[in-house]
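In: Give me the fold of what follows.
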Amino acid sequence: MTEIAPAELSRRLQRDDEDVLVLDIRHSEEFEDWHIPGSVNVDVYDRLVDDPESATGPLADLPDHDEIVTVCTEGVVSQTATDVLLGMGYDAATLTDGLRGWSRVHRHATVPVDIGGELIQVARPGKGCLSHVLVSNGQAVVFDASHYLDAYEAIVDEYDAELVAALDTHAHADHVSGGARLAARKDVPYHLHPADALEIDAVPLEDGQTITVGGADIAVIHTPGHSEGSVSFDVGGEALLTGDTLFHESVGRVELGVEAGIEDSDVEENAVTLYESLQRLLSYPDEVLVLPAHDPGSPDPPVTATLGDVKARNADLQRDREEFVETLASDIPDHPPNFERVKGVNVGQESVADEELADLELGPNNCAAE
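Out: As a prediction, this is how the structure comes out:
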């Protein structure tokens, strides 16, 4: 079996390796919903399942590349595609575990801020997720960790630091948080706002609270709307970790907690609350960096923008209160996969075995309002 590991494909794509072509063989509607950026789609999934030789016709038009990496959801049917391509004379390999494997990839880079320490952004391109590690004077905290904990432990070890806490901006709806698990593994506190920590053991975050890590201060800003317990973190006056409250080109959705059955409010109330939360963030200096918990596509860290830049390019911030509320309450995009169960896990209402986590959150990120 000829395979390529997800981490190796990630490295090659990061360095813009023009000799590799990523071929997605899934149905076109699945490809449009979620795929590796830069990949091409040839919908031969059914042919490969029913009669692999019948796929040679559509595959014969592929451009000439040194290597073709085949992709499907789990890396099974794409292995058949690889076998067919090898038989046609192409140099081909299968992405190990397909998009499930791609979802495990994490990349990291330092954010250029002067905060009395290092702020490292961790991007998960397969989910569009962004998390952060703050290291200062030998201490470290992790914000919005995925459940792939080794990625964060490796960064903390790289800086020869000691993890002292794990924090979440909110109870996520698109991916299972690793914050509580990471804190338990290292026997350190896990911080979450009590409005989101419904049945999970967490040290409560409070509006106006300051958490000191080494020589760096983190100020907690309660910014509800996307969820009742959403907070943003002001790191050293230089960076705002805005979670799903404020993205660079959109804002957080307001209906997920309601539709998951864990919030008593309605979407209109949440939209008003989110509008007010955004006004708090918009009062910060234009030079501060906005670091959300997600970025569409396949983020390559560091993904940053100044608040001034976000104000200029984010259409949601140009709306007055009435238009903002009407737009967010009425224009509802597709939901993240399994968001009710993912929310349930992250607020402590549901338990999922480790081997089920990858399947539970597999799919595109849809936490932005537009």
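
In: pLDDT wise, what is Gly297 at?
Out: Confidence per residue is given as pLDDT, and for Gly297 that number is 71.

In: Could you give the backbone dihedrals for it?
Out: The phi and psi values for Gly297, taken as degrees, to the nearest 10, are phi 80, psi -140.

In: My read is that it contacts Gly128, right?
Out: Yes. The pair Gly297 and Gly128 qualifies as a contact (CB atoms under 8 Å) at a distance of 6.5 Å. C-betas here are computed from N, CA, C, even on glycine.

In: Next up, the contacts around the residue most central in space within the chain.
Out: In the chain, the centroid-proximal residue (CA atoms, centre = their mean) is Cys129; its distance is 1.3 Å. Contacts for Cys129 (CB atoms under 8 Å, 6 or more residues apart in numbering) come out as 123, 144, 146, 174-175, 293-294, 365.

In: Save the residues you listed as JSON lines, and put in distance to Gly308 and neighbour count too.
Out: Rendered in JSON lines, the data for the contacts of Cys129 read as follows (distance: CB to CB, whole Å; neighbours: other CB atoms under 10 Å):
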{"residue": "Ala123", "distance to Gly308": "23", "neighbour count": "23"}
{"residue": "Asp144", "distance to Gly308": "24", "neighbour count": "27"}
{"residue": "Ser146", "distance to Gly308": "30", "neighbour count": "25"}
{"residue": "Asp174", "distance to Gly308": "28", "neighbour count": "25"}
{"residue": "His175", "distance to Gly308": "30", "neighbour count": "31"}
{"residue": "Ala293", "distance to Gly308": "21", "neighbour count": "30"}
{"residue": "His294", "distance to Gly308": "21", "neighbour count": "27"}
{"residue": "Asn365", "distance to Gly308": "26", "neighbour count": "24"}
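
In: biggest separation within those residues, which pair?
Out: Within the contacts of Cys129, two members stand farthest from each other by CB to CB: Ala123 and Asp174, at 14.4 Å.

In: Buried residues, stretch 269-276. List them.
Out: 269-275 (16 or more other CB atoms under 10 Å).

In: actually stretch 222-242, sorry about that
Out: Along stretch 222-242, these residues count as buried under the neighbour rule (16+ other CB under 10 Å): 222-236, 238-242.

In: same thing with stretch 39-58?
Out: Along stretch 39-58, these residues count as buried under the neighbour rule (16+ other CB under 10 Å): 39, 41-42, 44-45, 47-48, 52, 55.

In: By mean pLDDT, which helix or strand of this protein comes out lowest?
Out: Comparing every helix and strand of the chain by mean pLDDT, DSSP states H and E singles out helix 256-259 as the least confident one, with a mean of 70.

In: ok, Gly297 and Gly128, which is more surrounded?
Out: More crowded of Gly297 and Gly128, by other CB atoms under 10 Å: Gly128, with 23 against 12.

In: do you know how far the more buried one is from Asp97?
Out: Computed as CB to CB, to the nearest Å, the Gly128 to Asp97 distance reads 19 Å.

In: ditto for Ala154
Out: For Ala154, the distance to Asp97 equals 20 Å [CB to CB].

In: try Lys127
Out: Applying CB to CB to Lys127 and Asp97 gives a distance of 15 Å.

In: picking that back up, torsion angles phi and psi at the residue nearest to the centre of the chain?
Out: Summarising the backbone geometry of Cys129 under the convention degrees, to the nearest 10, its torsions are phi -90, psi 150.

In: show me the contacts for Cys72.
Out: With contacts defined as CB under 8 Å, 6+ apart, the neighbours of Cys72 are 24-26, 45, 78, 81, 98-99.
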